[in-house]
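Visitor: The amino acid sequence is not available; the structure is as follows:
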């Protein structure tokens, strides 16, 4: 078995890590960075860019550059209202009602786009380690439901990875803490990322950690703070120029980029100048935006969101049956935890020191790598017991939800429940599986429906149907139902009612594999073209500097070679023909060099 990697598939940035001689290490990507922007861009010709290149393209081509894809994973379009204002590319409803992205006349699912990011991370790991990588641990927000977890696992499959486990992001951070510290403590893992927020209360006893409670909000992150700044900038521009630019995607993307930079600058400065020349133009000429955003104004804008995280922390303590005074340390995770007001709010609420020894951008990936090391056997004596963040149940009479596995139950977990028929001689029973906290079935997330068939005719309430729920270590759900009298069994691995089918995943994986092979071939062709361009430059330099040392026939042959080489670059992308030209130029350069040396 090759290396198992740990992946933090983030909303804004992603990180990949591995275990080397018992210690976690972050993998450097192709651009030399430790983090990879979770951005995918497309050119009109169909070329794809992932990471830094795609992020640079956002400013000039926002409609074909997808970011914050994590906010749409496993989500139906009707439920994505809070996420749509955060992005400037077209999000539409697919045929089955899920979110999809319309790019260059093609619909892409969030799973497919996430797989493109995972493919880049996989390739970075393979280049760094010098061996194929096929297995991974991938992290998700603790408050992701089963549909979102399954969508993440599907993205890994499409990318050519066998996802050994899905683990919660704050749980991964706790694993990194546990690996690093190995001392008894009760910690709060405060995870404020680019698109989501989680808080987990974890009891650590040397080499064993137990998650006592977890809370979260999948619609609260740094991107939401950026949007508040963008809205403020739009209002500043409107007040100065009496123009509303809120519907211009290119303008909004420039504002979003400026907002993100301003937010980062205000972590170390009291104010920041925002200057965007030529933001737009109208009949009277170009219009510019120039204003000052102070830290006080920024904190006022962000206050409702930061206060929302404090409320979640308070509720997590109640769920864990703990008081603030029983928390020993607060571990900060996620880029948004760097905001000074966030740190202040945590000190005020917990009254405890903040642990800033772990890099908030990398700690989740490091924890995922620790989990990978545990599964590989490279890391020993580290155990962390996680919980389910959402209650699991079924729909019962009156369109109510009967909870079978309450939230914060340790996982893996299973639960048995007896149900019966509601009418005489009923031959089938439909089981509607739900996830959430509301008593009303319609207010919870539907994970799917299935039917138990072959029930023997009998008066209502006589048949006894045994339903078994199981939640595995990845938080994924399986449900089976059995007629106790007949032994008839129906088992279902929950699939989202409108998610990708196994056939869709296989098709997407084949497409991704085909694209990857094509991308590798295109990369090799680009490298060949680059080498030929260098050879032509060497040939030109040789003719310029050594013309007098060459015979006239050699000069004419070299000039002909230059013409032929330039023509090959202009008209040819065929690898075999480019290799032929490359070899021919190499031989000619060698021969001319020998003649020059012989003439000295």
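Guide: Nice, thanks for sending it over. The model shown is predicted, which means the values in this text are computed figures rather than measured ones.

Visitor: Now do the helices in the stretch 451-600 of the chain.
Guide: Across the stretch 451-600 of the chain, reading from the start of the chain, the helices by DSSP state H, counting those that start in this stretch fall at 502-546, 552-571, 575-598.

Visitor: okay, the ones you listed in TSV with mean neighbour count next?
Guide: Any C-beta I mention is one placed from the backbone N, CA and C, and that applies to glycine too. Converted to TSV, these look like this (neighbours: other CB atoms under 10 Å):
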stretch	mean neighbour count
helix 502-546	14
helix 552-571	14
helix 575-598	14
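
Visitor: quick one: which of those is nearest residue 377?
Guide: Between residue 377 and those, the tightest spacing by CB to CB is seen for helix 502-546, at 28.5 Å.

Visitor: For that closest one, name the packing helices and strands.
Guide: Under the contact criterion of 3 or more CB pairs under 8 Å, 6 or more residues apart in numbering; DSSP states H and E, the helices and strands touching helix 502-546 comprise helix 110-129, helix 146-158, helix 552-571, helix 575-598.

Visitor: Between these, which one is closest to residue 388.
Guide: Between those, helix 146-158 lies closest to residue 388; by CB to CB that is 9.6 Å.

Visitor: what residues does that closest one touch?
Guide: For helix 146-158, contacts defined as CB atoms under 8 Å, 6 or more residues apart in numbering pick out 9, 73-75, 110-112, 114-115, 118, 136, 138, 140-141, 144, 162-163, 166, 218, 435, 445, 447, 474-477, 494-496, 499-500, 505, 508-509, 512.

Visitor: From those, which land in strands?
Guide: Among these, the ones falling in strands (DSSP state E) are 136, 138, 140, 162, 163, 166, 435, 445, 447, 477.

Visitor: Closest one to residue 16 out of the residues you listed, please.
Guide: Taking CB to CB as the measure, residue 16 sits nearest to residue 136 out of the ones in strands among the contacts of helix 146-158, at 8.2 Å.

Visitor: In contact with residue 540: list those residues for me.
Guide: Residue 540 is in contact with residue 562, counting by CB under 8 Å, 6+ apart.

Visitor: Distance to residue 576 and neighbour count added to the ones in strands among the contacts of helix 146-158, as JSON lines?
Guide: Converted to JSON lines, those look like this (distance: CB to CB, whole Å; neighbours: other CB atoms under 10 Å):
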{"residue": "136", "distance to residue 576": "36", "neighbour count": "27"}
{"residue": "138", "distance to residue 576": "39", "neighbour count": "29"}
{"residue": "140", "distance to residue 576": "45", "neighbour count": "28"}
{"residue": "162", "distance to residue 576": "35", "neighbour count": "11"}
{"residue": "163", "distance to residue 576": "38", "neighbour count": "20"}
{"residue": "166", "distance to residue 576": "44", "neighbour count": "22"}
{"residue": "435", "distance to residue 576": "55", "neighbour count": "23"}
{"residue": "445", "distance to residue 576": "54", "neighbour count": "20"}
{"residue": "447", "distance to residue 576": "52", "neighbour count": "24"}
{"residue": "477", "distance to residue 576": "52", "neighbour count": "24"}
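
Visitor: Using TSV, please lay out those residues together with distance to residue 33 and pLDDT.
Guide: Formatted as TSV, these follow (distance: CB to CB, whole Å; pLDDT from 0 to 100):
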residue	distance to residue 33	pLDDT
136	19	96
138	20	97
140	23	95
162	26	94
163	24	94
166	25	94
435	37	89
445	36	86
447	38	83
477	36	85
